[in-house]
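Asks: quick check, what structure comes out for this input:
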Amino acid sequence: MLIAEVNGTTLHYTDQGEGLPIVFVHGIGATLEMWKPQIDKFAGRNRVIAIDARGVGKSGKLRGWTRIVERQTRDLACLLEKLGIGKAVLCGVSYGGVFVQRFALDYPNLCQAVAIIDSYSTTRPQNIREWLWLINVYLGSALPPIYCLSGGCPP
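Replies: Sure thing, here's the model as predicted:
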């Protein structure tokens, strides 16, 4: 288990292989473990890094509800600097895709390329149905999704 002190928090990550760096960013409700098959596959020819974003898994706690994505992407920028990585390919799924988009906008000089999989472009809810869905996701409810109670499914 690798832990780095970055940007006022701790970041749990993996770092395997050599070559062009690829960074994998998980979706909501997941950790870097979701990327194990990809880590195993790509580490044979690339340097593969996967992170638990701040507030997830073995990384430091998420404090506050503002500028979450911006703080999380800054954590990764600090980690890449600490690891001596000038540019990387970033791959994110679901919320990880939002993360990668924000990272690419804020740190284009650190991006060799991006891959965004099954994602969306913002975490800002546009209506009450999306607010209820997002609350359900953040609470990790074991109950039936509350967005179903509001008469719809997330977009």
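Asks: so how far is the longest helix along the chain off the chain centroid?
Replies: Determined from DSSP state H, the single longest helix within the chain is helix 68-82. On the basis of CA atoms, centre = their mean, to the nearest Å, helix 68-82 sits 10 Å off its chain's mean C-alpha point.
Asks: helices or strands next to that helix in the packing?
Replies: Counting contacts by 3 or more CB pairs under 8 Å, 6 or more residues apart in numbering; DSSP states H and E, helix 68-82 packs against strand 2-6, strand 9-16, strand 21-25, strand 47-52, helix 95-106. Placement of C-beta: from N, CA and C, glycine included.
Asks: what about residue 98, how many residues close to it?
Replies: Residue 98 is flanked by 22 other residues according to other CB atoms under 10 Å.
Asks: pretty sure it sits against residue 68.
Replies: No - if you go by CB atoms under 8 Å, residue 98 and residue 68 don't touch, sitting 10.1 Å apart.
Asks: and the lowest mean pLDDT element among the helices and strands of this protein?
Replies: helix 146-149 (a mean of 42; mean pLDDT, DSSP states H and E).
Asks: distance of residue 54 relative to residue 73?
Replies: The gap separating residue 54 from residue 73 is 10 Å, by CB to CB, to the nearest Å.
Asks: nope, residue 42 is what I was after
Replies: On the measure of CB to CB, residue 42 and residue 73 end up 22 Å apart.
Asks: so which of those two has more stuff around it?
Replies: Taking other CB under 10 Å, residue 42 and residue 73 do not tie; residue 73 has more neighbours (27 against 20).
Asks: test my guess that the more buried one contacts residue 107.
Replies: Yes - here residue 73 reaches residue 107: they are 7.0 Å apart, a contact under CB under 8 Å.
Asks: which residue sits closest to residue 20, ignoring its sequence neighbours?
Replies: Once flanking residues are discounted, residue 20 sits nearest to residue 46: 5.2 Å by CB to CB, 6 or more residues apart in numbering.
Asks: again with residue 31
Replies: residue 57 is the one closest to residue 31 (CB to CB, 6+ apart), at 3.7 Å.
Asks: can you check residue 27 too?
Replies: residue 94 (3.1 Å).
Asks: so who does that neighbour touch?
Replies: Applying CB atoms under 8 Å, 6 or more residues apart in numbering to residue 94 gives the contacts 27, 28, 117, 118, 119.
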